[in-house]
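Asker: Need coordinates for the below:
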Amino acid sequence: MRILHWTDNFLPRIGGLEIFVRDLARAQRAAGHEVHICASPVPGLPALETFPDYTVHRRAADSRSDSILADPRSLGLMARAGADFRRRLRPELVHVHLCGLPSLVELIGRPADSAPVLVTAHTTVDGPLLSPALTRRILSSADLVATVSADLAAALEAHLPGARERPYEVVLNGVASPDLAPSPLRPAGDTLLAFGRVVPEKGFDLALRALALLPAETRLVLAGDGPARPGLEALAAELGVASRIDFRGWVHPDDVPALIDTADCVLMPSRWREPFGLVAVQAGQMGRPLVATRVGGLPEIVRDGETGLLVPPEDPAALAAAVLRLRTDPGFAARLGAAARRHTKEHFAMDRCAADYSALYARLLRARAPSA
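Answerer: Model prediction:
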């Protein structure tokens, strides 16, 4: 089958969605499919690049949101260009990853006789880039819509009631298994790790406030970069924990497993309604116990008391108490980590995710068959 993934950005730009699309494409190529990825251009890179597992088409150079918002006519031009591109490529199935305007461009420009379209919503995308009206148009135009968690499906329905006549399919993301085998947890359990985009939604300030409530030998590694970092550094000084925090900065995704392996516990204190929770899966893959807030899709990944611990959002004291529980009971921490590793292998393997999508593709293709 010739599959076309339509997304906003792709490698070498690095983010959770970019890595997910790459790994899904690799799994689909291993299953015998021909895979193409359409994404926004990257300065200095060619419009067409062929890799062993997929071909990347970098196009729609005028897809910047500011140009479209300033001149909506450009949206129509982009839609027609997208339709011409699809006629030339002739994909059998189009998989749109809902993250920005390219999703809308693909759907409003699809030819009448085009291949079926599956949309995966990775976030609620409610903001100035995609208004509720545009998001509703995307969701109603797709042949099938999947979400990365049941919580995200509920959020979309609440945000845009009635946008879909048919229910959303839930396909939990798959995450490629790391090559690195995890090392055993250390009994002391004094090294905490939090990582991701350093933005207020991730709640890293709560991790700092929890650290101030923990024994002096407890340290926190905070990996990632973003606009909230200066404020966090100031807060660390104010709380008197600056000497116990290692602001590691940006870490390449390929180096994340090794970083997790240095930790005794991973914190995910999000205040944002996480659609999925990649960090939770990555921690489990490395056999590390996780302490996370009970928000968004995280309860669908973390089984409280079995594969990790869930605490209320905006509660540094609860976060600290959960860490203390792990620190004072190394056997419990080790059991959580081992169970998390088994759980992620069983439920969040990329092969499982690719198989789930293959089943949805097959359903769409059967519906388009002449006999139907």
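Asker: need the strands for the protein, in chain order.
Answerer: Here the chain has its strands, by DSSP state E, at 2-6, 34-39, 48-50, 55-58, 93-98, 117-121, 144-147, 169-170, 191-195, 219-223, 245-249, 265-268, 290-293, 309-311.
Asker: Output those as TSV; include the columns distance to residue 257.
Answerer: The C-beta positions use only the backbone N, C-alpha and C, and glycine is treated the same way. Converted to TSV, the strands of the chain look like this (distance: least, C-beta to C-beta, whole Å):
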stretch	distance to residue 257
strand 2-6	25
strand 34-39	24
strand 48-50	27
strand 55-58	25
strand 93-98	24
strand 117-121	25
strand 144-147	27
strand 169-170	27
strand 191-195	12
strand 219-223	12
strand 245-249	15
strand 265-268	12
strand 290-293	15
strand 309-311	22
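Asker: Residue 334: which of those strands is closest?
Answerer: strand 265-268 (11.4 Å; C-beta to C-beta).
Asker: Can you mark which positions in the closest one are buried?
Answerer: Neighbour-count burial for strand 265-268, counted by 16 or more other C-beta atoms under 10 Å, picks out 265-268.
Asker: Tabulate the strands of the chain in TSV, adding columns for distance to residue 179 and mean pLDDT.
Answerer: Shown next, in TSV, are these (distance: least, C-beta to C-beta, whole Å; pLDDT from 0 to 100):
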stretch	distance to residue 179	mean pLDDT
strand 2-6	24	95
strand 34-39	22	95
strand 48-50	25	97
strand 55-58	24	95
strand 93-98	26	92
strand 117-121	27	92
strand 144-147	29	95
strand 169-170	29	96
strand 191-195	19	97
strand 219-223	19	98
strand 245-249	21	97
strand 265-268	19	98
strand 290-293	21	98
strand 309-311	28	98
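Asker: Stretch 209-223 spans what distance, first to last residue?
Answerer: Counting by C-alpha to C-alpha, to the nearest Å, you get 17 Å between the two ends of stretch 209-223.
Asker: How far away from the center of its chain is that stretch?
Answerer: Averaged C-alpha coordinates place stretch 209-223 at 27 Å from its chain's average position (C-alpha atoms, centre = their mean, to the nearest Å).
Asker: What are the buried residues along it?
Answerer: Neighbour counts over stretch 209-223 (16+ other C-beta under 10 Å) mark 209-214, 218-223 as buried.
Asker: again, but for stretch 138-157
Answerer: 138-139, 141-149, 151-153, 155-156.
Asker: what's the burial count for residue 123?
Answerer: Per other C-beta atoms under 10 Å, the neighbour tally for residue 123 reads 20.
Asker: could you check the distance from residue 360 over to residue 146?
Answerer: Distance from residue 360 to residue 146, counting by C-beta to C-beta, to the nearest Å: 7 Å.
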